[in-house]
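Engineer: Would you be able to build a 3D model of this:
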Amino acid sequence: MEFLNRKDEIVRLNRTFGTNQSKLVVVYGRRRLGKTRLLQQVLKKDDIYFIADQRESAIQIESFARLIAAKIEAFDKVTYPDWESLLISLSKRIKKGITVFIDEFPYLVKNAPALPSIIQKLVDSRESLGFHLVLCGSSQQMMQKMVIDHSSPLYGRADEIIKIAPMSVYWLKQALNCSYADAIEEYSVFGGVPRYWEIRNEAASLKEAITRQIFNIHGVLHEEPQRLFLDDTRDAVQMHTLISVIATGAHRLSEISSRIGKPATQLNRPLQKLIELGYIKREIPWNLSIRNTKKTLYKINDPFINFYYRYVIPHKTSLELGYIDQIYRNVFQKTFSDFSSEAWEEMCRRAIPGLFEKNIFEPGSRWWGTGMNKQPIEIDIVAQSFDKKKILIGEAKWSSKRNIPAMIKQLEQRAGELPFTQGKKVILALFLKEKPQKEILSNVLVFTPEDIVKANV
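Structural biologist: The predicted structure is shown next:
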């Protein structure tokens with residue numbers, strides 16, 4: 001698959017490497033997001049690229065020295081007792097302007113905890129660091145701790161900190177070359193992870209990709225979440241448990257606490273950790289503050305994790321016994337439309353700014369609460385213009401079989417009961433899987449998958 005997107009990251013890296021003074025750059029993000037492919041885009045002929053592993057430090061120092069010897073003659077003819085002696089020697093012998101990349105840096109630190117302090121000393125005396133240094137890693141927690149934690153030796157030393165995030169549905173469509181509607185459904189399964197798209201592209205259909213690579217015990221992605229969790233925590237069991245109960249319907253803290261059998265006070269820190277890692281999100285009604293509301297819901301934030309815990313974990317025994325086709329037919333096919341609708345709603349909310357000229361609207365949110373008629377109301381999408389004068393009220397539906405006039409009537413009624421629309425121009429919008437065959441009211445905007453995918457660049 002060709003390299004897609006990441007233009008901003010490439011520009012930032014090239015700008016940093018274009019200076020004479022040595023720079024320290026930190027690049028991190030969860031596994032499979034394409035960090036290595038990104039760094040290869042800025043790698044020059046004379047640069048040094050080392051991928052660390054989990055061997056003992058002495059062996060890795062020797063391996064690194066041999067790699068450097070391909071650029072600096074006889075560099076490996078000397079025995080380096082530790083990382084400090086190797087890096088100091090490299091600084092003295094390397095050409096100016098060269099970049100040294102160390103991929104999977106946390107593996108080195110695991111066996112040599114003093115390494116960040118060694119790098120700190122070299123960075124603090126810039127004349128001793130004769131090259132640009134890029135530290136890259138998949139362990140988000142460890143990489144964040146090394147550069148964000150006030151007690152870390154490298155705190156405040158990095159010239160650039162680039163967190164690699166999942167990509168949008170727009171880029172998935174480019175990668176899979178599929179229709180706009182199919183892109184929505186594919187994204188609800190594989191999310192924004194480029195490596196997953198490559199695995200999907202190797203299959204002839206979505207069904208084949210799911211049954212062979214996710215449902216099958218020998219599939220490349222069958223144990224994927226466990227591998228991700230091991231990168232970031234020693235307590236993968238707790239992470240797995242929390243995500244499992246959230247994915248199967250426990251969204252309030254009290255519900256999660258009850259299902260797990262632990263006091264809610266013990267869950268705040270692990271839930272916050274999952275939020276920081278990007279696996280779950282905290283959802284509150286539009287325009288409310290987290291500090292001032294108890295209406296907090298916890299939802300899965302990653303599409304693939306959501307898919308895995310919705311379809312694999314509850315049926316793991318059946319899948320391990322080989323009942324793959326049965327689970328696909330009787331569980332997946334019967335519920336996939338509803339499952340995709342959740343991802344569709346979220347993509348619609350994120351797309352709001354890009355749907356209007358000059359990006360006059362903020363990203364959308366969900367709203368639920370009590371209307372002016374004292375009845376509970378829930379709205380899929382609420383977004384306000386930056387000048388606070390306009391407000392968009394929208395409903396997102398993924399099913400093709402919809403009574404459009406009834407939807408419009410219900411949307412108008414709900415909008416009229418909302419407590420926050422007074423004094424604002426209300427814009428009504430429907431987000432539908434297919435464009436209605438008949439013309440609908442001119443005061444209601446209609447957006448389809450093509451609009452949403454294009455706006456999610």
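
Engineer: Verify the stated contact: Trp197 with Phe190.
Structural biologist: Yes - using CB atoms under 8 Å, Trp197 makes contact with Phe190 at a distance of 6.1 Å. Using the backbone N, CA and C atoms, a C-beta is placed for each residue, glycine as well.

Engineer: Between the two, which is the more surrounded one?
Structural biologist: Phe190 (28 against 24; other CB atoms under 10 Å).

Engineer: Which residue comes closest to Asp451 once chain neighbours are left out?
Structural biologist: The shortest distance from Asp451 to any non-neighbouring residue, by CB to CB, 6 or more residues apart in numbering, is to Leu355 (6.2 Å).

Engineer: give me every residue that touches the one you found.
Structural biologist: With contact taken as CB atoms under 8 Å, 6 or more residues apart in numbering, Leu355 is in contact with 361, 447, 451-452, 455.

Engineer: Could you dump those residues into TSV with distance to Thr79 added?
Structural biologist: Listed next are those as TSV, based on distance: CB to CB, whole Å:
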residue	distance to Thr79
Phe361	63
Phe447	65
Asp451	63
Ile452	59
Ala455	58
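
Engineer: between those residues, which has the most around it?
Structural biologist: Ile452 (25 neighbours).

Engineer: How confident is the prediction for it, by pLDDT?
Structural biologist: As predicted, Ile452 sits at a pLDDT of 97.

Engineer: quick one, phi/psi of it?
Structural biologist: phi -70, psi -40 (degrees, to the nearest 10).

Engineer: who touches both of Trp197 and Phe190?
Structural biologist: Leu172.

Engineer: The worst-scoring helix or strand of the chain on mean pLDDT: what's the following helix or strand?
Structural biologist: Within the chain, no helix or strand scores below helix 140-148, which has a mean of 81 by mean pLDDT, DSSP states H and E. Elements were assigned by DSSP states H and E; along the chain past helix 140-148, the next helix or strand is strand 160-163.

Engineer: ok, residues contacting that following strand?
Structural biologist: 9, 12-13, 16, 23, 25-29, 147.

Engineer: change it to 10 Å
Structural biologist: The contact list for strand 160-163, computed with CB atoms under 10 Å, 6 or more residues apart in numbering, reads 6, 8-9, 12-13, 15-17, 23-30, 33, 35, 38, 134-136, 140, 143-144, 147-148, 278.

Engineer: Following the chain onward from it, which element is next?
Structural biologist: Downstream of strand 160-163 (by DSSP H and E), the next one is helix 169-176.

Engineer: Now do the strands in the stretch 1-150 of the chain.
Structural biologist: 24-28, 48-51, 99-103, 132-137 (DSSP state E, counting those that start in this stretch).

Engineer: The ones you listed into JSON lines, with extra columns for mean neighbour count?
Structural biologist: Output for the strands of the stretch 1-150 of the chain, formatted as JSON lines (neighbours: other CB atoms under 10 Å):
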{"stretch": "strand 24-28", "mean neighbour count": "23"}
{"stretch": "strand 48-51", "mean neighbour count": "16"}
{"stretch": "strand 99-103", "mean neighbour count": "21"}
{"stretch": "strand 132-137", "mean neighbour count": "25"}
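
Engineer: nearest to Tyr311, of the ones you listed?
Structural biologist: strand 24-28 (29.3 Å; CB to CB).

Engineer: distance between the closest one and the chain's centre?
Structural biologist: The chain centre lies 18 Å from the centre of strand 24-28; the measure is CA atoms, centre = their mean, to the nearest Å.

Engineer: Would you verify that Thr421 is located in a strand?
Structural biologist: No - counting by DSSP: H, G, I helix; E, B strand; the rest coil, Thr421 is not found in a strand; it is coil.

Engineer: closest one to Ile300 among the strands of the stretch 1-150 of the chain?
Structural biologist: strand 24-28 (21.7 Å).

Engineer: Mind giving me the packing neighbours of that closest one?
Structural biologist: Applying 3 or more CB pairs under 10 Å, 6 or more residues apart in numbering; DSSP states H and E, one finds that strand 24-28 contacts helix 7-17, helix 35-42, strand 99-103, helix 105-111, helix 115-124, strand 132-137, helix 140-148, strand 160-163.

Engineer: if we go to 7 Å?
Structural biologist: strand 132-137, helix 140-148, strand 160-163 (3 or more CB pairs under 7 Å, 6 or more residues apart in numbering; DSSP states H and E).
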